[in-house]
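Q: Attaching a predicted model along with its sequence, questions to come.
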Amino acid sequence: MTPRSASSPTPAPAQQKRTLIVLVIAQVFSGAGLAAGITVGALLAQDMLGATSLAGLPSALFTIGSAAAAAGVGRISQRAGRRSGLALGYLTGAVGSIGVVVAALLDNVVLLFVALFIYGAGTATNLQARYAGADLAHPTRSGRAVSTVLVATTLGALVGPNLVTVMGDLATGWGVPPLAGPFILAAAAYGAAGVVLLILLRPDPLLLARRLAAAAVTAAATLSPDPRQDSTGQPAQSRVVPVAATVMISAQLVMAAIMTMTPIHMLAHGHTLAAAGLVIAIHVAGMYLPSPLSGWLVDRFGPRPVAAASGVTLLAAGVVAMAAPIDSVPALAAALALLGLGWSFGLVSGTAMLASALPLATRAKTQGTVDLWIAVAGAVGGMASGIVVATTSYATLALLGGLLAAVVVPVIAVTSLQRTPAVRSIR
């Protein structure tokens, strides 16, 4: 058990349970919006642009939008609480989804690019919600709290890609290009998630955590003032932040690069859109379904070993994708499942590091900044993936991604040897 100082926030189990229930409901909706766009975004751009080399552009655009939204959601959450920040982020993502549909209907590429940028707000918010799950969590259960929010995305994420054909038929019946159909689902899903949070996320977990921490600091100062504590009563552990950011950024970059080009690779070799949707559904399930395992491992062994496992798993994903026979859907599905699992290990371990290291006074803002760079990494991966495949091959992209992810392992090994006693306390 991790010892808790007298100035740590008082546990609020009832409020934490309610927070997790509301976040789970919202994440089920948002998962459908997230996965639907991922599945057909590159295909829609390829169809409208007529160029494979630019197929990674949609991923880059909505990931850049995600970066901007991550910083915005973090700042709004810092000032007004998680409820306001997350609800606004999801509703903005819904507006972007509608914009994509209109752009496809008008065959307007410029509007498509603008709408994809705005759509990225939903992606950013989907990830930012994990921080809300940890605000009121006991330090020894922060990994499981984060994973509970992430795993809730799975249901919607599994449904979304498998409704590609259904939504395409629906869109066709409305006179909308079929590849824009999933974005109709995304608009409804993100809108529903935003409304759920706006109405039900009360009390706000971050604002309540601050009140509890302030009360604990007052009590601790009366008993035994400790000059090493910051204004929120939490020890400064700023050296943890760059390590956590590195783990999550590398996982996002590699995952985005390989994931973006997999549907393009499959369709170019004769696979159906339904098959590509199935592989992406398995991938997204691999991202979110193992979250309870990732959270348990983090709480049991600490975040650093799990972060190292992320690098190893992503390397394995790259090797399997590289070696997968062109006509084998199961092999590609296995590679994308490993890709999702490696991402899960990286995101949950990195998030747990941040949750333990950041003071409540600046927590949401710093988390938003870290997520901004995670999104930028995803944008770089998405954009570069199309260029790499166009100039070399999908196999080369997969191998390069795996090798890049493996760099996290020596980083974790070196920084683990340099940890101070304060940093050890996160375990």
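A: That came through fine.

Q: From now on I want contacts and neighbour counts done on CA atoms only, so please keep to that.
A: Will do.

Q: what sits against residue 411?
A: residue 243 (CA atoms under 8 Å, 6 or more residues apart in numbering).

Q: residue ranges with poor pLDDT in this structure?
A: 1-12, 36, 38-39, 50-56, 59, 161-162, 217, 219-238, 417-427 (pLDDT under 70).

Q: For the most centrally placed residue in the chain, list the residues it contacts.
A: Centroid-nearest residue in the chain, with CA atoms, centre = their mean: residue 127, separated by 3.9 Å. Shown in contact with residue 127 (CA under 8 Å, 6+ apart): residue 150.

Q: Just the element for it, please.
A: helix 109-134 (DSSP states H and E).

Q: got it, and residue 66?
A: helix 57-80.

Q: Report all helices and strands that that helix contacts.
A: For helix 57-80, the packing partners by 3 or more CA pairs under 8 Å, 6 or more residues apart in numbering; DSSP states H and E come out as helix 13-49, helix 82-106, helix 109-134, helix 363-391.

Q: so the first one versus helix 57-80, what angle?
A: I take that to be helix 13-49. Angular relation of helix 13-49 and helix 57-80 on a 0 to 180 degree scale: 150 degrees, by axes from the mean of the first three to the mean of the last three CA atoms, to 10 degrees.

Q: and helix 13-49, what other elements does it pack with?
A: helix 57-80, helix 109-134, helix 142-162, helix 164-173, helix 181-200, helix 205-223, helix 240-268, helix 273-288.

Q: Kindly reformat those as TSV and extend each row with distance to residue 20.
A: As requested, the helices and strands packed on helix 13-49 are exported to TSV (distance: least, CA to CA, whole Å):
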stretch	distance to residue 20
helix 57-80	17
helix 109-134	6
helix 142-162	7
helix 164-173	29
helix 181-200	11
helix 205-223	10
helix 240-268	23
helix 273-288	16
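
Q: closest one to residue 359 among the ones you listed?
A: Nearest to residue 359 among the helices and strands packed on helix 13-49 is helix 205-223 (9.6 Å), distances taken as CA to CA.

Q: any chance of the helices and strands packed on helix 57-80 in CSV, with distance to residue 308 too?
A: Shown next, in CSV, are the helices and strands packed on helix 57-80 (distance: least, CA to CA, whole Å):
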stretch, distance to residue 308
helix 13-49, 27
helix 82-106, 30
helix 109-134, 21
helix 363-391, 18
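
Q: export stretch 252-259 as PDB, just CAs?
A: C-alpha atoms of stretch 252-259 as PDB (Å, rounded to 0.1, in the frame of the first residue of the first chain):
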ATOM      1  CA  GLN A 252       0.500   7.500 -29.900                       C
ATOM      2  CA  LEU A 253       2.800   8.300 -32.800                       C
ATOM      3  CA  VAL A 254       3.500   4.600 -33.700                       C
ATOM      4  CA  MET A 255      -0.200   3.600 -33.200                       C
ATOM      5  CA  ALA A 256      -1.500   6.400 -35.400                       C
ATOM      6  CA  ALA A 257       1.000   5.800 -38.200                       C
ATOM      7  CA  ILE A 258       0.300   2.000 -38.500                       C
ATOM      8  CA  MET A 259      -3.400   2.300 -37.800                       C
END
